[in-house]
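**Student:** okay, here's the prediction I keep looking at, along with the sequence it came from:
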Amino acid sequence: MESKPGEASSKDALLGKVLDNYQDITNFIEKEMDKTNRLSIASKQLLKIKITEWALMQSQLVGQIERLEMENRSVKQERTPQGTYAQVVSKRTEPQSKVQKLVEKTKANHTLYISGNNNESGREVQIALTKIVNPTKEKIKIRAIRTTNRTVIIETPDQSDLEKLKSNQTLTTTLKVEVAKKRQPLIILYDVPSDMNEEAIAKAVYEQNLSEVLGKSEFTQNLKLRFKAGPKDKATVHHVVEVSNKIRKAILEQHKLYLGFRSMSAKDYIVVAKCNKCRDLGHVAKHCTKEEACDHCGNSCHKRDSCPHKNKPAICIPCSRRGKSCTKKGDCPTYKMMVERLIQKTNYE
Ligand SMILES: [Zn+2]
Ligand SMILES: [Zn+2]
Ligand SMILES: [Zn+2]
């Protein structure tokens, strides 16, 4: 069912009414109620605080109304799976859904790190491993295996495959076998008023949005503001927040978050680091162990200004170093691989 025209932007209209009402009452207190100044400044102040609390509650209600409408709509969409044209278009342009798909595809991977006890090279570890483990005989499914300087990284599609490797006595006595520790998901909260401190942000996110779906202590224990993003010295700033997957899901399901008198959006924060020194992906210059390279051709004997390949188009340096071809902009295979690795290292279960 389509919403009635009057309901089109019911949330904005309602919020507008709440704000008008609030202004009206505070003006009344200031200009009409006490012309002869018989009320003390303190009690006028108290009255205004009460009105503010009331207005906050109203805006919270508006958020709940919108959430109910949203749930209502998604129930209706489930009943008509083909969807209308507008729904199909909005799904395609929604970048969060792309992230969500990748998360669904990647999160199920289970990762094991295998290294030597005596500083052996990754190659040596791999040789030792293949002598001990026979995936065919032991019926172990291995999705991917890769070797770094000192470590062999094994991905299995199922936890039980990983368990089989972990319970192999010969393997665990010969080599170091460690399950990958996953980090908590990061999400970005857009356009948070710059003057709101950590405590106020956490409180508003919880009270105005999640108080009905999550317990308070569970929320406060599993939400940490990590860093700010976006341009500085603006009235609003983006906050990158570390959360449990349960909180992440609850926040992303809200579509809009209400914060004081504003509403804002939240998204998964998955950003691949780019090195300004060697021009590769996956680390920053601070942790770079390679030589500085020209950001046009990737060669380390010169800088961009004196690049002899200036007349040719710039190459994708991360891909050329990995022998991958990369032509289309926005479709870099190395970047994609890094995004998948980031997701794999994150606890989305
Ligand atoms: Zn580097
Ligand atoms: Zn160059
Ligand atoms: Zn590339």
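**Tutor:** Now that the structure is in, tell me what you want to look at. Ligands and ions are numbered 1, 2, ... in the order given.

**Student:** what about the chain, any weak spots by pLDDT?
**Tutor:** 1-11, 64, 66-97, 106-109, 328-330 (pLDDT under 70).

**Student:** what residues does it put near ligand 1?
**Tutor:** C275, K277, C278, D280, C288 (Cβ under 5 Å from the ion). All C-beta spots, glycine's among them, are computed from the backbone N, C-alpha and C.

**Student:** how does it look with 8 Å?
**Tutor:** Neighbours of ligand 1 within the chain, by Cβ under 8 Å from the ion: 275-280, 283-285, 287-290.

**Student:** now do the buried residues in stretch 276-283.
**Tutor:** K277, C278, R279, D280, L281, G282, H283 (16 or more other Cβ atoms under 10 Å).

**Student:** run a quick neighbour tally on V192.
**Tutor:** 25 (other Cβ atoms under 10 Å).

**Student:** A strand includes it, no?
**Tutor:** Yes - assessed by DSSP: H, G, I helix; E, B strand; the rest coil, V192 belongs to a strand.

**Student:** OK, contacts around it?
**Tutor:** By Cβ atoms under 8 Å, 6 or more residues apart in numbering, the contact set of V192 is I201, T236, V237, H238, H239, L259, M264.

**Student:** one more: K216?
**Tutor:** Contacts of K216 (Cβ under 8 Å, 6+ apart): Y206.

**Student:** for ligand 1, state which of the contacts of V192 is nearest.
**Tutor:** H238 (25.9 Å; Cβ to the ion).

**Student:** and the contacts of the helix or strand that contains E163?
**Tutor:** Per DSSP states H and E, E163 falls inside helix 159-166. Helix 159-166 has contacts (Cβ under 8 Å, 6+ apart) with 110, 112, 133, 138-142, 154, 156, 171-172, 177, 179.

**Student:** the same query, at a cut-off of 10 Å, please.
**Tutor:** Contacting residues not belonging to helix 159-166 are listed as 108-112, 114, 129, 132-133, 135, 138-143, 154-156, 158, 171-172, 177-180 [Cβ atoms under 10 Å, 6 or more residues apart in numbering].

**Student:** same check, this time on stretch 22-33
**Tutor:** With Cβ under 10 Å, 6+ apart, stretch 22-33 has contacts from 34, 39, 44-45, 47-48, 50-52, 54-56, 58-59, 261.

**Student:** of those, grab the buried ones for PyMOL.
**Tutor:** Buried members of those, defined by 16+ other Cβ under 10 Å, are picked up in PyMOL with:
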select buried, resi 44+47+51+55+56+58+59
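
**Student:** for the residue in the stretch 101-250 of the chain positioned nearest to ligand 2, which non-adjacent residue is closest in space?
**Tutor:** Relative to ligand 2, the nearest point of the stretch 101-250 of the chain is N149 (27.1 Å; Cβ to the ion). Nearest residue to N149, sequence neighbours excluded (Cβ to Cβ, 6 or more residues apart in numbering): G122, at 5.6 Å.

**Student:** surely S263 is in a helix?
**Tutor:** No - S263 is assigned strand when assessed by three-state DSSP, not a helix.

**Student:** which non-adjacent residue is nearest it?
**Tutor:** Nearest to S263 is K256, by Cβ to Cβ, 6+ apart, at 4.6 Å.

**Student:** what about the one you found, distance to T220?
**Tutor:** Taking Cβ to Cβ, to the nearest Å as the measure, K256 falls 22 Å from T220.

**Student:** K101: which element?
**Tutor:** Counting by DSSP H and E, K101 is found in helix 95-106.

**Student:** so after that helix, what's the next helix or strand?
**Tutor:** Next along from helix 95-106, by DSSP H and E: strand 110-115.

**Student:** show the backbone phi and psi for G298.
**Tutor:** Main-chain torsions, G298, degrees, to the nearest 10: phi 90, psi 0.

**Student:** from what I can see it touches R321, true?
**Tutor:** Yes - with contact defined as Cβ atoms under 10 Å, G298 reaches R321; the gap is 6.9 Å.

**Student:** which one of these two is surrounded by more residues?
**Tutor:** Set side by side, G298 and R321 show more neighbours around G298, with 20 against 17, by other Cβ under 10 Å.
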